[in-house]
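Undergrad: take a look and give me a structure for this.
(chains A and B)
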Amino acid sequence: MTRNTATPTPALPEDVRAEIDALRPRYPTAEALVLPALHLAQRASGGWLPPEMIAAVAAHLDLAPAKVAAVVSFYDMFHDRPVGRHRIRLCTNLSCQLRGADELLEVLAEELGTGEGEVTPDGRCSYVQFECLGSCDTAPMMMVDDEYHENLTPDRVRQIVRGLG
Amino acid sequence: MAFEKVLTRNVGNPAVLRTRGYRDTGGYDALSKALRMAPEEVIEEVKRSGLRGRGGAGFPCGMKWSFVPRQSPQPKYIVCNADESEPGTFKDRLLMEFDPHQLLEGCVIAGWAVGANTTYIYIRGEYTKAASVLEEAVRDAYASGILGDSVLGTGFRHDIHVHRGAGAYICGEETGLLESLEGRLGQPRVKPPFPAVVGAFGCPTVINNVETLCCVPHIVQRGADWFKGIGPDERNTGPKLYAVSGHVERPGTYEHPIGITFQELLDGCGGMYQGRALKAVIPGGASAPMLGPEDREIPLDFDRLARAGSMLGSAAVIVMDETTCVVRATLRLARFFAHESCGQCTPCREGTNWMAKILARIESGKGTEADLDLLASVVPNVGGISLCALGDASQGPVKSMIAKFGEEIRDNLRHGRYPLPRRRIFELGAVA
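TA: Numbering: from 1, shown residues only, chains lettered A, B, ... in the order given. Predicted structure coming up:
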């Protein structure tokens, strides 16, 4: 494996390293730690993965940075661009669409004044449409950070968005 | 005789989140019984029960287990597929959040049956709550001697690890899941070899859906004959969770004997939303071809739905009423498949996108009848020639839309009716 020796290998925060290393006995390979490690690294770096963080994860697991970057780009929950402090994922798949998700998308755009995937100027929020989140009996729904908000109405969405710090 | 709930019997009883509370309901008795049986006997019992996979494909579970070589120089693995991502499906989330030990019990029994000492529960990344409920249950099970070096004091070792995905539908495909578990892009593998021989980390592996594994303790405890006694025939057996969403009065997860009719299921949900007429129903998640109002008496089981040109799939029943634009609904699903295609195989990568583009043109009012013909000509080329079933699945909604509603769509196109007036749900009053 060739690495660019001109730049020093970036390091992961100590607590992230420790959390990753604690998971090592679970798997026969270090590569299997890529997803768990990226989840931990992303949480520790403001909800997205800057290139140096991706490189740090790769270095810690002794993998090529490109390999880890490819994984980041493949999965919808990993972000290689800045996101808001709060990340809103609105399900617009069929079951939610049938119950008004498209109207809620308009509400989000109006309320936040940004386009899909953009971060509000104050860094507070970003929103995206998301594929089915498995909460179709309480449609329409959205996920804010790690939490599900269900049986939404336009008023409820406004209220939730305004309540985000 | 009224059907007695099996898989969801503990839902709403928070005591079962703890090992002790679960044991008070008779939980882990089946594990104890299984550990007194020979592994082959456990496999035989599951085979005889007729249990078919609840994730989508409906493959006989006992047979899957029997494909794992008895003698293996390598470790063997159980992988629980908890990557529930089929649009419309939310049954496994319920099982994990409300009765996690039922799943753990099924995993350990499966491990005993095939000789695996480790289970990975691969759970979709968005299910943060279910993942933490499971992790807590796993910790408690270790502390209670259910998991670890000597399961229930028998000397059989079994470990369970909860592994979170990161948002990719394709990871619900068995070998896409394995690639993802191993830390790579979730791109399905060439088969054969099948996972039973070369699976996780190159070792023999059984991959079962959450609901499938949750059936296992009950089969062991109450016997294959009891399980077979539920359902219409030998090929369609046991209790089944139906996840109902869309335009019904009471969406939710409903447990019934497998093979009730759509009309019976609908009646149990309080009927159509606001008493409107049924337009279309998807009986088995986004991949399942649509049915129309004339199909409401079809029993919702593997074989009868297949005969009707659809499939039971994940038993996610999406109900659409008369106000629904079927082109718009199909477009949403087509976009889903285009987004989730992993990109490996050209027919799927390109075909799913073309279907979405043509549907978007029709839906927006810029289409003509020629677009519908073009769409029909694209559909047969998307599936059947790729590494996995995603391309095939993407055909279902489009093909059935054309078959069931083709004439209506043509008529709308001829009269320039697209885009159909979009129903503003919230202006009509809250749905929920």
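Undergrad: right, and the helix or strand after the stretch of helix or strand residue B:41 belongs to?
TA: Using DSSP states H and E, residue B:41 sits within helix B:39-49. Reading on from helix B:39-49 to the C-terminus, the next helix or strand found by DSSP H and E is helix B:61-66.
Undergrad: distance between that following helix and the chain's centre?
TA: 18 Å (CA atoms, centre = their mean, to the nearest Å).
Undergrad: and if you look at stretch B:68-78?
TA: 26 Å.
Undergrad: quick one: mean pLDDT over it.
TA: Stretch B:68-78 shows a mean pLDDT of 96.
Undergrad: swap in stretch A:116-126?
TA: 96.
Undergrad: list the buried residues in it.
TA: Of all the residues in stretch A:116-126, those buried under the rule 16 or more other CB atoms under 10 Å in any protein chain shown are A:118-120, A:125-126. C-betas here are computed from N, CA, C, even on glycine.
Undergrad: out of those residues, which two sit at the greatest distance?
TA: For the buried residues of stretch A:116-126, the maximum inter-member distance is 9.5 Å, found between A:118 and A:125 (CB to CB).
Undergrad: show me what the helix holding residue B:41 is packed against.
TA: Judged by 3 or more CB pairs under 8 Å, 6 or more residues apart in numbering or on different chains; DSSP states H and E, the packing partners of helix B:39-49 are helix B:61-66, helix B:100-114, helix B:210-222, helix B:224-228.
Undergrad: what residues does the third one touch?
TA: Contacts with helix B:210-222, where a contact means CB atoms under 8 Å, 6 or more residues apart in numbering or on different chains, come from B:6-7, B:26-27, B:29-31, B:33-34, B:37, B:42, B:45-46, B:49, B:51, B:53-55, B:61, B:80-82, B:84, B:91-92, B:95-96, B:99, B:102-103, B:105-107, B:109-110, B:227, B:238-239, B:241.
Undergrad: circling back to that earlier point, buried sites along the helix holding residue B:41?
TA: B:39, B:42-49.
Undergrad: for that helix, what is the distance to the chain centroid?
TA: That offset, for helix B:39-49, works out to 23 Å (CA atoms, centre = their mean).
Undergrad: again, but for stretch B:333-342
TA: Offset of stretch B:333-342 from its chain centre (CA atoms, centre = their mean): 17 Å.
Undergrad: buried stuff in that stretch?
TA: So for stretch B:333-342, counting by 16+ other CB under 10 Å, buried means B:333-338, B:340-342.
Undergrad: and for stretch B:391-399?
TA: Result for stretch B:391-399 [16+ other CB under 10 Å]: buried residues B:391, B:393-399.
Undergrad: quick one: contacts of that stretch?
TA: Residues contacting stretch B:391-399 (CB under 8 Å, 6+ apart): B:282, B:286-290, B:310-311, B:329-330, B:333-334, B:337-338, B:341, B:345, B:347-348, B:351-352, B:355, B:359, B:375, B:379-380, B:382-386.
Undergrad: residue A:56 against residue A:17, yeah?
TA: No. The pair residue A:56 / residue A:17 is not scored as a contact, 9.1 Å apart, by CB atoms under 8 Å.
Undergrad: comparing the two, which shows the higher neighbour count?
TA: The residue with more neighbours, out of residue A:56 and residue A:17, is residue A:56; 24 against 16, by other CB atoms under 10 Å in any protein chain shown.
Undergrad: much appreciated, bye for now.
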